[in-house]
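Engineer: Whatever this is, show me its structure:
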Amino acid sequence: MDFITQLPLSNSFDSILVIVDRFSKMAFFIPTISSITSLDLAHLLIKDIFSKYGLPSSIVSDRGSLFVSSFWTNLCQQLKISRDLSTAYYPETDGHTERVNQILEQYLWMCVSYHQDDWNTWLPLAEFAYNNSDHSSTKQSPFFTVYGRDPQFDSVHITQYTPAGELSTKIQSVQQDVKRELEVAINRFKRYADKSRASPPVFILGYMVILSSKNIKSTTPTKKLSERWLGPDPIWKKVCTHAYHLKLPTQWKSIYPVFQISLLEPVKTSTIPNRHQGPPPPIII
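Structural biologist: Down below sits the predicted model:
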């Protein structure tokens, strides 16, 4: 259990409570606020989890003030729920939730508006898409693990325009796109886990790569829902084993064009048909 915080306000919410069942890998994305109290958290769990699935035997969380408060400690004791607190700076204790957070953030930046104030609208679809994608460890979707079947979600062909038809088509399109992108994201996270054990890749002159945006300031309200990768841009020259000089767009002329190899990824063909790479987002130099 973890929180994604410091999001732009969306229907009065600015945070997401992320809960992942360790057995089925079922995920729950619950909108909330950063000022949530331990009592508020308990009510959320009762409404969205306990009332539908029963009490868990244990809850893994970080050592945030909510989870070490006397109220939360006493509540878990009364309900006979074991508290497993992750070690500071060692998120592997609850590593799966950390990865789900990253996948959810990547999903939301695909869908939100430029002002990023509509992310709450997309949370139910994000939850549905995640829970109906095959998990690498179980080889089946969390939904199938829990219910023993796949959900009803057949394609519908709209022959006449109506607002309802337009929404239905949009929902199906988003679901298809997101399932493909989730597979890409999961594979990317797996590659990151293996990076420390692998030799650094070698890029040749003119090779197209994408650049991590984590060190580049954007004009969007929050980086959490912004694009993770920018480009593609060609390799201009090799500076050393672990750094390359990129040929950046003219609008980025104020950015020093030499980057560590850990910030670069080779370009792969998009998994979404007819998707074209748009122009780079506005940045602050």
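Engineer: now the helices for the stretch 1-150 of the chain?
Structural biologist: With DSSP state H, counting those that start in this stretch as the criterion, the stretch 1-150 of the chain has helices at 38-45, 51-53, 65-68, 70-78, 95-111, 119-131, 142-147.
Engineer: Save the ones you listed as CSV, and put in mean pLDDT too.
Structural biologist: Putting the helices of the stretch 1-150 of the chain into CSV (pLDDT from 0 to 100) gives the following:
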stretch, mean pLDDT
helix 38-45, 95
helix 51-53, 94
helix 65-68, 88
helix 70-78, 94
helix 95-111, 76
helix 119-131, 89
helix 142-147, 91
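Engineer: Where does the prediction get shaky in the stretch 101-250 of the chain?
Structural biologist: When the per-residue scores of the stretch 101-250 of the chain are filtered using pLDDT under 70, the ranges that remain are 114, 153-200, 218-219, 221-226, 241.
Engineer: that older thread, looking at the helices of the stretch 1-150 of the chain, which is closest to residue 253?
Structural biologist: Using C-beta to C-beta as the measure, helix 95-111 is the one of those that comes nearest residue 253, at 25.5 Å. Any C-beta I mention is one placed from the backbone N, CA and C, and that applies to glycine too.
Engineer: Just the buried positions in that closest one, please.
Structural biologist: Going by neighbour count (16 or more other C-beta atoms under 10 Å), the buried part of helix 95-111 is 96-109, 111.
Engineer: which of those residues lies closest to residue 261?
Structural biologist: Closest approach between the buried residues of helix 95-111 and residue 261, by C-beta to C-beta: residue 102, at 20.5 Å.
Engineer: any idea how far the closest one is from residue 214?
Structural biologist: Relative to residue 214, residue 102 is positioned 12 Å away (C-beta to C-beta, to the nearest Å).
Engineer: got it, and residue 57?
Structural biologist: 37 Å.
Engineer: Residue 122 too?
Structural biologist: When distances are taken as C-beta to C-beta, residue 122 and residue 214 turn out to be 23 Å apart.
Engineer: same thing with residue 258?
Structural biologist: The spacing between residue 258 and residue 214, counted by C-beta to C-beta, is 16 Å.
Engineer: Looking at those two, which is more packed in?
Structural biologist: residue 258 (13 against 10; other C-beta atoms under 10 Å).
Engineer: I figured the more buried one hits residue 243, correct?
Structural biologist: Yes. Taking contact to mean C-beta atoms under 8 Å, the distance of 5.6 Å between residue 258 and residue 243 places them in contact.
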